[in-house]
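Undergrad: could you work out the structure for the sequence below:
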Amino acid sequence: MKQGNGLPGWIRKLTLAALLAGGVSGWTQDSAAGGPSSPSDSTAAAIRELQQQVTELRSAMEQMRAEAAQSRAENTELRDELQTMRDQMASGTQSPAEGSYGGASDAAGGREQVAPDGAKPAGAAQSQSLEGRVASLEESAQLLNSKVDDQYQTKVESASKYRVRLSGLILLNLFSNRGTTDNLDIPSFASGPDLGHESFGATLRQSEIGLEVFGPTVAGAKTSGSLQADFAGGLPSTWNGVNSGVFRLQTADVRLDWEHTSIVAGQDSLFISPLSPTSFASLAVPAFNYAGNLWAWTPQLRVEHRFDLAGDQNITIQGGILDNLTGEFPSNSYFRSAGPGEVSGQPAYAFRTAWTKNVSGQHLTLGAAGYYGRQDWPFDHYVDSWAGMADWEIPLARRVIFSGEFYRGRGIGGIGGGMGRSVVYSGNPANVYTQVRGLDAIGGWSQFKFKATSKLEFNAGFGLDNPTASEVRGAAASESYVGPLLVQNRSALGNVIYRPRSNLLFSGEYRHLQSFELYSASESAEQFNLMMGILF
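TA: Model prediction:
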């Protein structure tokens, strides 16, 4: 506690006022005795008012002194009572009141004595009152200690005066694959039908690091920011580089939050596709990516507003602009050039509305969203990308939740539709006469979650992404230029997640991937995952 070097401020003010009143009183007496000058009526009234205020301040000071003395006496009495109770508990003795009633045995019959009317004697009531006060003090002390421990654990030094919180997840994935996939540790689709091919490996590149900063209040809005990163940005070309993942930015945003309105700017998840299946085997990319789950960590600027309704309901409206992505790989690993969506000179536009109701302590949510973007491919081939989406989260029972999303759109490879493809070609894309067509796609996913206890949960889900087969067949000539065209991608998962403590987790998961290539047989693969992690 910071100590001052002088008297408290209010005592200094009272002293100054008393001196001023004394001086004024002396001056008025001199004036009444025939001094050289006398004050006017207004001055005399001001002096009387000042003297009255000084009198009131003196009275208030005396009252505060009395209250302080009373508080000190009560604190001393409570401290003595607490010390007495502690001494009695330590020595195992009883108070005289307890020895007279209810706490001692009858010497003749060995029976416990009670009051005739069945009520507890005054001594016992006083003892229980003291015990209750002691218990309350102990609980308060424990609560304060826990708050101090939390503050000590969450304290992160910041270069500014604003609070910063560090978080993250250290996650070990042990996996075993049967069949061939596009990515060994984090597969998105099957790329080979050989189920006899087996592999085993481990990775920690899905571990994450997060930062949160809580800034000042601006125009009535609470400001905050967050950053999330992992180590799944690629594999360095070095010795055993598969175990040295490249540090990668996932999301980073700044928020201004009023009571019902928020403004968010930064790189964030798609607000038009807010849900994702629960899976610790797919943190580097969401589960069911390119298999019915629209996703992208996209630079964006959005506004959100919530309308509260009667009956514990609300409606949320969101709208914003996004970086107009098309799903293409960068043309250079260092220098950035504009993609077909960015060449159009305008962003992508998105809108979502959702209705939420509290049902037995759980949220029932139904949402609908739309997306539009303009794409300018080589040789002035323009494509209008669009999508309509729906999402839901429905509590079927107290421990069972059914959630999922559905979409239908065109040219949405930049947000995960069409298995990452926005367009198809009728021939060589380097030929000016080659037709470019936006790829239609339909898909979605659903998941059942069963929370057996607060520490144990079971999840099962299925996802599907299905580009329009007729368009794929019409663009079959483009396969030799942009790779094989997959016409369907299915994915299913089942997992068990156990959290023995709030910062520990153990999970096991089975995943089945099945992809269909044009004019070829089905390709499928299976993956078994065992995950162990610690949250911090």
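Undergrad: just the CA atoms of the helix or strand containing Val487, as CSV, please.
TA: Using DSSP states H and E, Val487 sits in strand 486-498. The C-alpha trace of strand 486-498 is given here as CSV (Å, rounded to 0.1, in the frame of the first residue of the first chain):
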residue,chain,number,x,y,z
LEU,A,486,-12.3,-35.3,-58.0
VAL,A,487,-16.1,-35.3,-58.3
GLN,A,488,-16.9,-36.1,-54.6
ASN,A,489,-15.3,-36.2,-51.2
ARG,A,490,-16.7,-37.9,-48.2
SER,A,491,-15.4,-37.9,-44.6
ALA,A,492,-16.7,-39.5,-41.4
LEU,A,493,-15.3,-39.4,-37.9
GLY,A,494,-15.9,-40.6,-34.4
ASN,A,495,-13.9,-39.6,-31.3
VAL,A,496,-13.8,-39.7,-27.6
ILE,A,497,-12.5,-36.7,-25.7
TYR,A,498,-11.5,-37.0,-22.0
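Undergrad: buried set for stretch 350-364?
TA: Across stretch 350-364, burial judged by 16 or more other CB atoms under 10 Å covers Ala350, Phe351, Arg352, Ala354, Thr356, Gln362, Leu364. C-betas here are computed from N, CA, C, even on glycine.
Undergrad: what helices and strands are in contact with the strand holding Val487?
TA: strand 456-467, strand 504-517 (3 or more CB pairs under 8 Å, 6 or more residues apart in numbering; DSSP states H and E).
Undergrad: repeat that with 10 Å
TA: With contacts taken as 3 or more CB pairs under 10 Å, 6 or more residues apart in numbering; DSSP states H and E, strand 486-498 sits against strand 190-192, strand 440-451, strand 456-467, helix 469-474, strand 504-517, strand 522-535.
Undergrad: what does the fourth one rub up against?
TA: Here helix 469-474 makes contact (CB atoms under 10 Å, 6 or more residues apart in numbering) with 410, 418, 421, 423-424, 426, 435, 437-441, 468, 478-479, 485-488, 516-519.
Undergrad: if we go to 6 Å?
TA: Asp440, Leu485, Val487, Leu518 (CB atoms under 6 Å, 6 or more residues apart in numbering).
Undergrad: which pLDDT does the model give Trp10?
TA: Looking at Trp10, its pLDDT reads 50.
Undergrad: Ser269 now?
TA: Taking Ser269 on its own, its pLDDT is 95.
Undergrad: all further residue positions should be reported with the first residue as 3.
TA: From this message on, residue numbering opens at 3, which makes the last subject Ser271.
Undergrad: quick one, phi psi at it?
TA: For Ser271, the backbone dihedrals (degrees, to the nearest 10) come out as phi -70, psi 160.
Undergrad: and for Pro218?
TA: Backbone torsions for Pro218, taken as degrees, to the nearest 10, come to phi -80, psi 170.
Undergrad: burial count for it?
TA: By other CB atoms under 10 Å, 10 other residues sit near Pro218.
Undergrad: so which of the helices and strands packed on strand 488-500 gets nearest Leu174?
TA: Leu174 lies closest, by CB to CB, to one member of the helices and strands packed on strand 488-500: strand 524-537, at 5.0 Å.
Undergrad: any idea of the angle that closest one forms with strand 488-500?
TA: Inter-element angle recorded for strand 524-537 and strand 488-500: 30 degrees (by axes from the mean of the first three to the mean of the last three CA atoms, to 10 degrees).
Undergrad: please identify the buried residues of strand 524-537?
TA: In strand 524-537, counting by 16+ other CB under 10 Å, buried: Glu525, Ser526, Ala527, Glu528, Gln529, Asn531, Met533, Gly535.
Undergrad: before we move on, the earlier item: flag every buried residue along the strand holding Val489.
TA: Here strand 488-500 shows Leu488, Val489, Gln490, Asn491, Arg492, Ser493, Ala494, Leu495, Gly496, Asn497, Ile499 as buried, counting by 16+ other CB under 10 Å.
Undergrad: partners of that strand in the sheet?
TA: Strand 488-500 sits in its sheet next to strand 458-469 (antiparallel), strand 506-519 (antiparallel), going by DSSP bridges.
Undergrad: tell me where the stretch 403-538 of the chain is predicted with low confidence.
TA: Applying pLDDT under 70 to the stretch 403-538 of the chain flags the ranges 478-486, 521-523.
Undergrad: rerun at 50
TA: For the stretch 403-538 of the chain, applying pLDDT under 50 flags no range at all.
Undergrad: over to the chain?
TA: 3-9, 25-41, 95-122.
Undergrad: name the helices or strands packed onto the helix or strand Leu176 falls within?
TA: Element membership of Leu176 [criterion: DSSP H and E] is strand 165-180. With contacts taken as 3 or more CB pairs under 6 Å, 6 or more residues apart in numbering; DSSP states H and E, strand 165-180 sits against strand 200-205, strand 210-220, strand 524-537.
Undergrad: JSON lines for those, including distance to Ser284?
TA: As requested, the helices and strands packed on strand 165-180 are arranged in JSON lines below (distance: least, CB to CB, whole Å):
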{"stretch": "strand 200-205", "distance to Ser284": "12"}
{"stretch": "strand 210-220", "distance to Ser284": "13"}
{"stretch": "strand 524-537", "distance to Ser284": "9"}
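Undergrad: among the ones you listed, which is nearest Ser271?
TA: So among the helices and strands packed on strand 165-180, strand 210-220 is nearest, using CB to CB, at 13.7 Å.
Undergrad: distance-wise, check Pro218 relative to Tyr164.
TA: 7 Å (CB to CB, to the nearest Å).
Undergrad: what do the two both touch?
TA: By CB under 6 Å, 6+ apart, no residue touches both Pro218 and Tyr164.
Undergrad: still on that earlier bit, distance to Ser264 and mean neighbour count for the strands paired with strand 488-500 - can I get that in a markdown table?
TA: A markdown table is the format used below for those (distance: least, CB to CB, whole Å; neighbours: other CB atoms under 10 Å):
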| stretch | distance to Ser264 | mean neighbour count |
| --- | --- | --- |
| strand 458-469 | 29 | 20 |
| strand 506-519 | 30 | 19 |
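Undergrad: as JSON lines, the ones you listed with distance to Arg74 would be great.
TA: Shown next, in JSON lines, are the strands paired with strand 488-500 (distance: least, CB to CB, whole Å):
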{"stretch": "strand 458-469", "distance to Arg74": "54"}
{"stretch": "strand 506-519", "distance to Arg74": "48"}
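Undergrad: indicate which one of those is closest to Ser448.
TA: For those, the distance to Ser448 is smallest for strand 458-469, at 6.2 Å, taking CB to CB.
Undergrad: now that closest one against strand 442-453, angle please.
TA: Using the same axes, to 10 degrees: strand 458-469 against strand 442-453 is 170 degrees.
Undergrad: before we move on, back to that, what is the most widely separated pair among the buried residues of strand 488-500?
TA: Top of the distance list for the buried residues of strand 488-500 (CB to CB): Val489 and Ile499, 33.4 Å.
Undergrad: who's in contact with the host helix or strand of Ser405?
TA: If you go by DSSP H and E, Ser405 is part of strand 402-412. For strand 402-412, the surrounding residues in contact (CB under 6 Å, 6+ apart) are 277, 296, 388-393, 395-398, 419, 440, 442, 444, 446-452.
Undergrad: again, but for stretch 310-322
TA: 273, 302-309, 353-360.
Undergrad: and it, how far out from the chain middle?
TA: Using CA atoms, centre = their mean, to the nearest Å, the mean C-alpha position of stretch 310-322 is found 19 Å from that of the whole chain.
Undergrad: now tabulate the helices and strands packed on strand 488-500 in CSV and tack on distance to Thr240.
TA: CSV is the format used below for these (distance: least, CB to CB, whole Å):
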stretch, distance to Thr240
strand 192-194, 25
strand 442-453, 37
strand 458-469, 34
helix 471-476, 39
strand 506-519, 29
strand 524-537, 26
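Undergrad: and for Gly446, nearest residue in space, chain neighbours not counted?
TA: Among residues not flanking Gly446 along the chain, Phe408 sits closest, at 3.7 Å (CB to CB, 6 or more residues apart in numbering).
Undergrad: Leu532 reaches Leu176, doesn't it?
TA: Yes: using CB atoms under 6 Å, Leu532 is in contact with Leu176, at 4.4 Å.
Undergrad: nice, that's everything, thank you.
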